[in-house]
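[1] Fold the following.
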Amino acid sequence: MAEDDIISTLPDAILCHILSFLQTKQSVATRILSKRWNPLWRSVTTLRFNTKVTNQICNFDFNDFVYSVLLSRDATLPIKTFHLDIEYSEDVECPIKSITKWVNFVVQRGVEYLCLYLVSESRLKLPITILNCKTLVVLNLSGFRVEHCCFSSILLPSLKTFHLDYVEFPKLQDFMLFLTGCPILEDLLTSDVSFDSDESFDCSKWMSSLLTNLARAHIDCFSYYFPLKAVHNVQSLRFEFHQVYYHDDMIPTFHNLTQLKLICYDYSKDFLLDVLNHCPKLQSFDLDEVVKTEEALDKKEDKENWVFPDVVPQCLSLHLRTCNLLSFSGLHGELMLVRYILKNASVLQTMKIWNSGQPEIERILSELRPL
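    Below is the predicted model of the structure:
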């Protein structure tokens, strides 16, 4: 007796849901399975295109495939997810007009999850229809530039997750204007975001209303300045930075912050204390120093001479429960930091210290053992 075909007994909606986890090329290929499967791919509300374009013929073939999929779909159904991940070789021109048409097509059909990852010789102009898409919940961008003319019409009322990688803005102020168009944003990630011109910019006037729902932020700005005031409402922050860009009053008070991870090329005692003093409710703190550069190695002496003040940040005395110190060298100043935290963190439950060398670990433990 032949075994029952369990998959064929499933309703079309379940089969379409299963197909949504496949690349669209694979989903379309299922039409050869049977008459029943033939039309199903046209009703899948998730489209995933992933390819590497190595020559012009490959470029034409891929473009034709995307157009054929979009135009063959069931016109009564929305496109909830559109994922486009394309790497163009150096000698292949990226078809920005076609990409803009594809984006406009899915925006008109109520797209909720839009992920655009493009690798090409230059950053491409961001299609402006994205900026007033009222259905967008998740927006991930990589390889784009946003132009001045876009900022008068930004309205993304449903956007909760916004990830930017290798994205260029005209000015820092333009980026802030972009964020004001995302009133319910909960999750923000920025990596390799750049600005055409450098300018001093104060976003204090917007602080009371900017990103009031922000729960998580991952800010990677090793090579540029990011205004932390823009994310002052955040609850969990991962901040990758170079201290050279931060001084004076650039650290706002994070009234809601309970989890913080600092990853830096180099940090000073004063900067570290300044951060802690501006995080009154901090419960979890991770500190990681990137593998030492020549510049950082020259500052070892600074850490050797650290002396901590008697004044204790509120988060240490009242709230800090977990502390992780990574890339720990065992310098005298770093040991003083550990002693300072252990002495003043009255509710601390766990402290972990990472060091790559066994002899150093033994020395660090011996130094701390009297505590």
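[2] Backbone dihedrals for residue 159, please?
    phi -70, psi 120 (degrees, to the nearest 10).
[3] And for it, nearest residue in space, chain neighbours not counted?
    Using C-beta to C-beta, 6 or more residues apart in numbering and skipping the chain neighbours, the partner closest in space to residue 159 is residue 182 (4.8 Å). The way it works is simple: take the backbone N, C-alpha and C, and place the C-beta from them, glycine included.
[4] Tell me if I'm right that that neighbour and residue 156 touch.
    Yes: counting by C-beta atoms under 8 Å, residue 156 is a contact partner of residue 182 at 5.0 Å.
[5] all helices of the stretch 251-371 of the chain, in order?
    Applying DSSP state H, counting those that start in this stretch to the stretch 251-371 of the chain gives helices spanning 269-277, 294-297, 300-304, 314-318, 332-344, 358-368.
[6] Likewise for the stretch 101-250 of the chain?
    172-180.
[7] where does the stretch 251-371 of the chain dip in pLDDT?
    The model of the stretch 251-371 of the chain has pLDDT under 70 over residues 291-304, 356-365, 367-371.
[8] if we go to 90?
    251-252, 264-272, 289-311, 326-339, 353-371 (pLDDT under 90).
[9] who touches the residue most central in space within the chain in this structure?
    Closest to where the C-alpha atoms of the chain average out (C-alpha atoms, centre = their mean) is residue 189, at 2.3 Å. The neighbourhood of residue 189, defined by C-beta atoms under 8 Å, 6 or more residues apart in numbering, consists of 162, 163, 164, 165, 217, 218, 219, 220.
[10] May I have the beta-bridge partners of the fifth one?
    Residues in a beta bridge with residue 217, per DSSP bridges, are residue 188, residue 237.
[11] Burial check on it, number of neighbours?
    Residues lying near residue 217 (other C-beta atoms under 10 Å) number 24.
[12] Wait, it touches residue 233, no?
    No: assessed by C-beta under 8 Å, residue 217 is found out of contact with residue 233, at 9.3 Å.
[13] I'd like to know how far the residue nearest to residue 159 sits from residue 210.
    Distance, residue 182 to residue 210, by C-beta to C-beta, to the nearest Å: 9 Å.
[14] try residue 120
    32 Å.
[15] Between the two, which is the more surrounded one?
    Neighbour totals were compared for residue 120 and residue 210, and residue 210 leads with 22 against 17 (other C-beta under 10 Å).
[16] Show the pLDDT at that one.
    We have a pLDDT of 78 for residue 210.
[17] what's near enough to touch it?
    With contact taken as C-beta under 8 Å, 6+ apart, residue 210 is in contact with 176, 179, 180, 203, 230, 233.
[18] re earlier: give me the neighbour count for the residue nearest to residue 159.
    Neighbours of residue 182 (other C-beta under 10 Å): 24.
[19] can you pull the pLDDT of it?
    Predicted confidence (pLDDT) for residue 182: 93.
[20] Distance check, it against residue 286.
    Separation of residue 182 from residue 286 (C-beta to C-beta): 27 Å.
[21] now do residue 123
    Distance of residue 123 to residue 286, given as C-beta to C-beta: 32 Å.
[22] just curious, which of the contacts of residue 210 is nearest to residue 140?
    Distance to residue 140, by C-beta to C-beta, is smallest for residue 179 among the contacts of residue 210, at 15.7 Å.
[23] shouldn't the closest one be in contact with residue 185?
    Yes: using C-beta under 8 Å, residue 179 is in contact with residue 185, at 7.3 Å.
[24] joint contacts of the two?
    Counting by C-beta under 8 Å, 6+ apart, the residues touching both residue 179 and residue 185 are residue 211.
[25] Can you name the next helix or strand after the helix ranked longest in the chain?
    Scanning the chain for the helix with the most residues, using DSSP state H, yields helix 56-72. Per DSSP states H and E, the first helix or strand lying C-terminal to helix 56-72 is strand 81-88.
[26] Show me what that next one is packed against.
    For strand 81-88, the packing partners by 3 or more C-beta pairs under 8 Å, 6 or more residues apart in numbering; DSSP states H and E come out as strand 46-53, helix 96-108, strand 113-119.
[27] any chance of these in CSV, with distance to residue 128 too?
    As requested, those are exported to CSV (distance: least, C-beta to C-beta, whole Å):
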stretch, distance to residue 128
strand 46-53, 21
helix 96-108, 9
strand 113-119, 14
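[28] now for these, which one comes closest to residue 316?
    strand 113-119 (40.2 Å).
[29] and that closest one, average pLDDT?
    In this model, strand 113-119 has an average pLDDT of 95.
[30] Flag every buried residue along it.
    The neighbour-count check on strand 113-119 (16 or more other C-beta atoms under 10 Å) flags 113, 114, 115, 116, 117, 118 as buried.
[31] Among those, which one sits closest to residue 305?
    For these, the nearest to residue 305 is residue 117 (46.3 Å; C-beta to C-beta).
[32] Many thanks, we can stop here.
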